[in-house]
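**Student:** Quick check, what structure comes out for this input:
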Amino acid sequence: MTPVIRQPFKARTTEELVALLGTVAAAILAVIIVAMLYFGREIFVPIALAILLSFVLAPVVLILQRIHVPRGLAVVSVALLAFALIFALGSLLATQLTQLAGDLPRYQSTISEKIQSFRDTRAGRGTLERASDMLKDLSKEIDRPKESAAPRGLSSSIVNPGASQAPVPVEVRQPDPGALENLRTLISPLIHPLATTGIIIIFVIFILLQREDLRNRLIRLAGSYDLQRTTAALDDAAIRLSRLFLTQLILNSAFGVVIGLGLWLIGTPSAILWGILAAVLRFVPYIGAVIAAAFPLALAVAVDPGWSMLLWTLALFFTVEPVVGHVIEPMVYGHSTGLSPVAVVAAATFWTALWGPIGLVLATPLTICLVVLGRHVERLEFLDVMFGDRPALSPPEIFYQRMLAGDPAEAAEKAEQFLKERSLASYYDEVALKGLQLAQIDAARGALDPERLTKLRDAVTEFAGDVADQDDRAPTKVHLTTDAEASSAVESVAENAAHENLPIVSRESLPPDWLGEHPVLCLAGRSLIDEAAAIMLAQLSTAHGLAARVEGADALSSANVFRLDGTGIVIACLIYLDSSGPAHMRYSVRRLRRKLPKAIIILGCWAKDIDPGALEVLRDNAKADLVAAGPGETVKLCIEAAGGAYPSIAASTQERSTTAAA
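**Tutor:** Numbering: from 1, shown residues only. Below is the predicted model of the structure:
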């Protein structure tokens, strides 16, 4: 029997222990916070409502202050007006509910008739159901017990004296409550709502009065080491939240008004109730309008003997909700609330489990507050990553991940969305190149094996082929992208970027020596990542009218350089993503110069964060003609060379070729 060899226990480093303790402490803190929110919901619900109301009312208070209304008077008057409006809506809702409850028994017969009609009209079921009902009646008749033979009017005890007598029911009645007890019964259900409302009013007033003081305290908690940045972040977050909630309130109220008017015209009972309910539930994205539509649809079935009211109600919701959600909302405050769909569902589930129905309504506003704080406060950045709709990875990281995963088709789809607003040269400069620079960093530390490097190179080749039909003309920007990942990439590129509008060269304008099949040669420096970069350069150059071909890193080796086909080559671009090998660059340029004495040699050193001075040193050391720091700049140099922008370089190459021939 082979003995089991146990591995010795590996001691953890201090950093690992600190990280583990931090994770455990964060988990314990999260459990404590959730428990506090659940068991303290009687306190936290009014506070949450007060904070959200303060965001809505703050712009109105600021407007009154601008017209020289004292702050205290502005806060109190706005708060009282807001709560008076809320109480008026509440009383209207109570009236509508009472009326609806009184009318419900009238709709029972209509529902029964529709159910019976639906059963009877189902194909092949009417006759069978009637036969089944007849058999049930016969079974009941057979199983019915025989009636007693005793004469009518005589009790069973007289006919059968020995039979047991049934017990006589006894009812115990309480004395009528007095006036004080009736008053207590009437007031007790109102104590909790009134107390909650009073707490909300007090909190709203004090939050609006002490807005700056509360902001300073939050700055102290969030981090006072950078007051300027933290203050600007919180002010921006407060303005954004106030604008968002106020806009949502106005838009959802308008939605409720339209729904209420539409239901009133259709003839649905309690149309005001359903309009208010639609406005409130629309604060819940995706499912709020569906829930709001369910109630009037069910009522339409109960009220109308036919089906016309149901169809008109369906048409109303199917018309108004898409118009508001997909036309008006994007124009008013953007394409979304800033939350991912999964975050909306998770937040709705979490807050509903904690706080019940009020949590469902507050879920989205509360989560928006957390996400906005996460975007502006560094210590809370994890909230934006968890719940925000912005991509968790940067555009270069997404490109690199897609290439590693062997999914260039999806990367090409995102690139096409990007090209609706920016150029292909900007995509290669700001997204694809930076993604390859991440690959170069991983390769330098030995994290990429040869098989994975080959897979990455092949994925870039397929990606370049997928976007080969893009001629890189100026985007029309008629149909802007709505994709979150593409939008994030677009935001990273300025509209006036350096290589955003590179010209496209027509074949008729090229000099005679540029009319070969491939006047541009793109060569990899010394790795498969360099070859992937050369593939991108060749595709971009071809898109701008200068056809190019690609050679791998082994093309300039001493054994293979004499086999290199130099027919029709005018410019040779040697691409490196690592600047740590100036000797390799120098010898590669020397071999390339011997093979192509008439060609202009561009050294493309596309290393991350390399400065122009270091680029010029590398060019001078390698004796290259030109140097470039990215795909866009390299193609720009090629276009300028095709237009005769470098006569001195052309003369020197001609002189070198003459000397070599002599």
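**Student:** Give me the nearest residue to residue 75, chain neighbours excluded.
**Tutor:** Distance criterion C-beta to C-beta, 6 or more residues apart in numbering; nearest residue to residue 75, sequence neighbours excluded, is residue 208 at 4.4 Å. Bear in mind the C-beta positions are built from the backbone N, C-alpha and C, glycine included.
**Student:** could you say which helix or strand contains the one you found?
**Tutor:** Following DSSP states H and E, one finds residue 208 within helix 179-209.
**Student:** Show me what the mean pLDDT comes to for that helix.
**Tutor:** The average pLDDT for helix 179-209 rounds to 73.
**Student:** For residue 540, give its distance to residue 549.
**Tutor:** Look at residue 540 and residue 549: by C-beta to C-beta, to the nearest Å, they are 13 Å apart.
**Student:** who has more neighbours, the two?
**Tutor:** residue 540 (30 against 18; other C-beta atoms under 10 Å).
**Student:** which SS state does that one fall under?
**Tutor:** With DSSP: H, G, I helix; E, B strand; the rest coil as the basis, residue 540 sits in helix.
**Student:** Surely it touches residue 628?
**Tutor:** No. In this structure, residue 540 is not within contact of residue 628 by C-beta atoms under 8 Å, at 12.0 Å.
**Student:** where exactly do the helices run in the stretch 151-300 of the chain?
**Tutor:** With helices called from DSSP state H, counting those that start in this stretch, the stretch 151-300 of the chain shows them at 156-159, 179-209, 211-222, 227-266, 271-281, 288-303.
**Student:** between the ones you listed, which has the poorest average model confidence?
**Tutor:** Minimum mean pLDDT among those: helix 156-159, a mean of 47.
**Student:** which stretches of the stretch 351-500 of the chain form helices?
**Tutor:** Here the stretch 351-500 of the chain has its helices, by DSSP H, counting those that start in this stretch, at 357-376, 381-387, 395-404, 408-418, 424-427, 433-444, 450-466, 484-491.
**Student:** For these, give me JSON lines that also has mean neighbour count and mean pLDDT.
**Tutor:** Output for the helices of the stretch 351-500 of the chain, formatted as JSON lines (neighbours: other C-beta atoms under 10 Å; pLDDT from 0 to 100):
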{"stretch": "helix 357-376", "mean neighbour count": "21", "mean pLDDT": "79"}
{"stretch": "helix 381-387", "mean neighbour count": "16", "mean pLDDT": "81"}
{"stretch": "helix 395-404", "mean neighbour count": "21", "mean pLDDT": "90"}
{"stretch": "helix 408-418", "mean neighbour count": "20", "mean pLDDT": "87"}
{"stretch": "helix 424-427", "mean neighbour count": "27", "mean pLDDT": "89"}
{"stretch": "helix 433-444", "mean neighbour count": "20", "mean pLDDT": "92"}
{"stretch": "helix 450-466", "mean neighbour count": "18", "mean pLDDT": "91"}
{"stretch": "helix 484-491", "mean neighbour count": "20", "mean pLDDT": "78"}
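**Student:** can you redo those helices as TSV with distance to residue 578?
**Tutor:** Putting these into TSV (distance: least, C-beta to C-beta, whole Å) gives the following:
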stretch	distance to residue 578
helix 357-376	35
helix 381-387	31
helix 395-404	16
helix 408-418	23
helix 424-427	22
helix 433-444	6
helix 450-466	13
helix 484-491	25
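**Student:** so residue 571 makes contact with residue 520?
**Tutor:** Yes. Between residue 571 and residue 520 there is a contact at 5.1 Å, judged by C-beta under 8 Å.
**Student:** Those two: which has the busier surroundings?
**Tutor:** Between residue 571 and residue 520, counted using other C-beta under 10 Å, residue 520 has the larger neighbour count: 30 against 24.
**Student:** Could you measure from the more buried one over to residue 554?
**Tutor:** Separation of residue 520 from residue 554 (C-beta to C-beta) stands at 20 Å.
**Student:** Out of the helices of the stretch 351-500 of the chain, which gets nearest to residue 613?
**Tutor:** helix 433-444 (19.5 Å; C-beta to C-beta).
**Student:** Mind listing residues that contact that closest one?
**Tutor:** Outside of helix 433-444, the residues that reach it under the criterion C-beta atoms under 8 Å, 6 or more residues apart in numbering are 395-400, 403-404, 448, 453, 456, 460, 527, 529, 532-533, 536, 577-578, 606-608, 630-631.
**Student:** Now with 6 Å, please.
**Tutor:** 396, 399, 400, 448, 529, 533, 577, 578, 606, 608, 630 (C-beta atoms under 6 Å, 6 or more residues apart in numbering).
**Student:** Same list, the residues you listed, but as TSV with distance to residue 292 please.
**Tutor:** Shown next, in TSV, are the contacts of helix 433-444 (distance: C-beta to C-beta, whole Å):
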residue	distance to residue 292
396	43
399	42
400	44
448	53
529	54
533	54
577	55
578	59
606	55
608	52
630	52
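**Student:** Select, from those residues, the two members most distant in space.
**Tutor:** It's 448 and 630 that sit farthest apart of the contacts of helix 433-444, by C-beta to C-beta, at 21.9 Å.
**Student:** circling back to that earlier point, which of the contacts of helix 433-444 are buried?
**Tutor:** By neighbour count, with 16 or more other C-beta atoms under 10 Å, the contacts of helix 433-444 hold 396, 399, 400, 448, 529, 533, 577, 578, 606, 630 as buried.
**Student:** can you map out the helices along the stretch 1-150 of the chain?
**Tutor:** Using DSSP H, counting those that start in this stretch, helices in the stretch 1-150 of the chain cover 14-39, 41-66, 71-103, 108-121, 126-143.
**Student:** looking at these, which is buried most?
**Tutor:** helix 41-66 (a mean of 18; mean count of other C-beta atoms under 10 Å).
**Student:** Show me how far it is from its chain's centre.
**Tutor:** Here helix 41-66 is found 26 Å from its chain centre; the criterion is C-alpha atoms, centre = their mean, to the nearest Å.
**Student:** Could you do stretch 426-445 as well?
**Tutor:** Relative to its chain's centre, stretch 426-445 lies at 25 Å (C-alpha atoms, centre = their mean).
**Student:** contact partners of the helix or strand hosting residue 349?
**Tutor:** Per DSSP H and E, residue 349 falls inside helix 341-355. With contacts defined as C-beta under 6 Å, 6+ apart, helix 341-355 is touched by 37, 38, 41, 45, 285, 359, 360, 363, 367, 387.
**Student:** now for the residues you listed, which pair is the farthest apart?
**Tutor:** Every pair of these checked by C-beta to C-beta; the farthest is 38 and 285, at 24.0 Å.
**Student:** picking up where we left off before, looking at the helices of the stretch 351-500 of the chain, which is closest to residue 28?
**Tutor:** helix 381-387 (16.5 Å).
**Student:** and that closest one, what does it pack onto?
**Tutor:** helix 357-376 (3 or more C-beta pairs under 6 Å, 6 or more residues apart in numbering; DSSP states H and E).
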